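1. Sequence first, then the predicted structure, then my questions.
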Amino acid sequence: MAFDKIQHWIPDAIIDLKYSTDDNFTGKAIYECQYDRLRAGTLVKLKHAADLLRLKGYRLVIWDAYRPMEVQKVLWRTVSDPDFVAPPEIGSKHNRGCAVDVTLADLQGNYLVMPSPFDDFSEAASAALEGLEEPVYSRLKGLQEAMLSSGFEIYLKEWWHFTDSDWETYELV
């Protein structure tokens, strides 16, 4: 099944791939180029979610999408915790091109405060974290509702990570 660039489907998405910068838990850029692609079926769902979020005054920010297996190996060597990084022998949903790590910006492109930064390995990363204050709680719930209603699954250990519910139809790449 084909891959396509995210911005072909969602022109106003902000592409901020953290693993192509040093702003990630490894402290260094891992990607040699922009892997701003997903499976076409996943992009249909992500576009639907982006359309719903735009109606609420939000834009999607893409932190990670398709991830090559070589990158998965680097991440696993850095943090060998299967709660946060899939072992390369199993592979990640990102390696299938059907998972996306996202956050929100306002319509002008200003990043919004969410429960934690990207790649936070603490309880603050939980998608079910209790006690969040407004407006963070409403933003998280709005993101989750848009993604769920568009055909994504929530990963409870990372509020930013969403997987296409049809992930099993996509092979590892």
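-> Received it, and whenever you're ready, just let me know what you need.
2. for T163, phi and psi?
-> phi -120, psi 130 (degrees, to the nearest 10).
3. Any idea what it is bridged to?
-> A99, E153 (DSSP bridges).
4. Please look at it and K93 and confirm they touch.
-> Yes - here T163 lies in contact with K93, judged by C-beta atoms under 8 Å, at a distance of 4.6 Å. (Each C-beta comes from the backbone N, C-alpha and C, glycine too.)
5. who touches both of the two?
-> A99 (C-beta atoms under 8 Å, 6 or more residues apart in numbering).
6. Please pull out the lowest mean pLDDT helix or strand from the protein.
-> Across the helices and strands of the chain, mean confidence by mean pLDDT, DSSP states H and E is lowest for helix 69-78: a mean of 92.
7. got the contact list for it?
-> Helix 69-78 has contacts (C-beta under 8 Å, 6+ apart) with 19, 25-26, 30-31, 35, 85-88, 91-92, 94-95, 172-173.
8. buried subset of those?
-> Y19, F25, I30, Y31, Y35, V85, A86, P88, G91, S92, H94, N95 (16 or more other C-beta atoms under 10 Å).
9. I'd like the average pLDDT over stretch 89-104.
-> Mean pLDDT, stretch 89-104: 96.
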